[in-house]
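Chemist: Sharing a model that was predicted from the sequence below.
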Amino acid sequence: MASSSGNDDDLTIPRAAINKMIKETLPNVRVANDARELVVNCCTEFIHLISSEANEICNKSEKKTISPEHVIQALESLGFGSYINEVKEVLQECKTVALKRRKANSRLENLGIPEEELLRQQQELFAQVSEAMLVLMRVE
């Protein structure tokens, strides 16, 4: 279990992230600081448990990198099978977002125009639109 000493701090989930999740999940409920700390510790332990099991599954399959499939197998073997459908949905969302990012990055790279120049052009277009809007408003 993670404690507040030295290197163990690197092994916990950021408290701000947990606080945000708690607030989003329970917007009208006050949660004591010690309860928040307990949630952080539980989350950290859960991640360690799943990671360790996924690592064992990965090693048994003679792989060097833990894949999403190893994590899903770990959830099943540890009795968290009820989470698998939601985990698969989140995995698909992550893959979709990553693909969109790659496409957007490659489109920018293929333009051959530096990002600073694109930003300058964008600002120039915004200025032109603003001027056009002012002209239109005067006409009406």
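Modeler: Yep, it's here. Predicted, not measured: the structure shown is a model, and the values here were computed from it.
Chemist: When you work out contacts or count neighbours from here on, use the C-alpha atoms and nothing else.
Modeler: Fine.
Chemist: Secondary structure element for the residue minimising distance to the centre of the chain, which one?
Modeler: Nearest residue to the geometric centre of the chain (C-alpha atoms, centre = their mean): residue 94, 8.0 Å. Assigned by DSSP states H and E, residue 94 falls within helix 84-111.
Chemist: Over to residue 45?
Modeler: Judged by DSSP H and E, residue 45 forms part of helix 33-60.
Chemist: What ranges in the protein fall below the confidence cut-off?
Modeler: 1-10, 107-110, 139-140 (pLDDT under 70).
Chemist: swap the cut-off to 90 and go again
Modeler: Filtered on pLDDT under 90, the chain yields the residue ranges 1-14, 99-119, 126-140.
Chemist: Using the record's assignment, carve it into domains.
Modeler: Per the TED database, the domain ranges recorded for the chain read 10-79, 83-139.
Chemist: Looking at those domains, which one is packed in the most?
Modeler: domain 10-79 (a mean of 14; mean count of other C-alpha atoms under 10 Å).
Chemist: Report the distance from it to the chain centre.
Modeler: Relative to the chain's own centre, domain 10-79 is displaced by 13 Å; criterion: C-alpha atoms, centre = their mean, to the nearest Å.
Chemist: With stretch 89-107 instead?
Modeler: The chain centroid and the centroid of stretch 89-107 are separated by 12 Å under C-alpha atoms, centre = their mean.
Chemist: and the helix holding residue 45, what does it pack onto?
Modeler: With contacts defined as 3 or more C-alpha pairs under 8 Å, 6 or more residues apart in numbering; DSSP states H and E, helix 33-60 has these neighbours: helix 15-25, helix 68-77.
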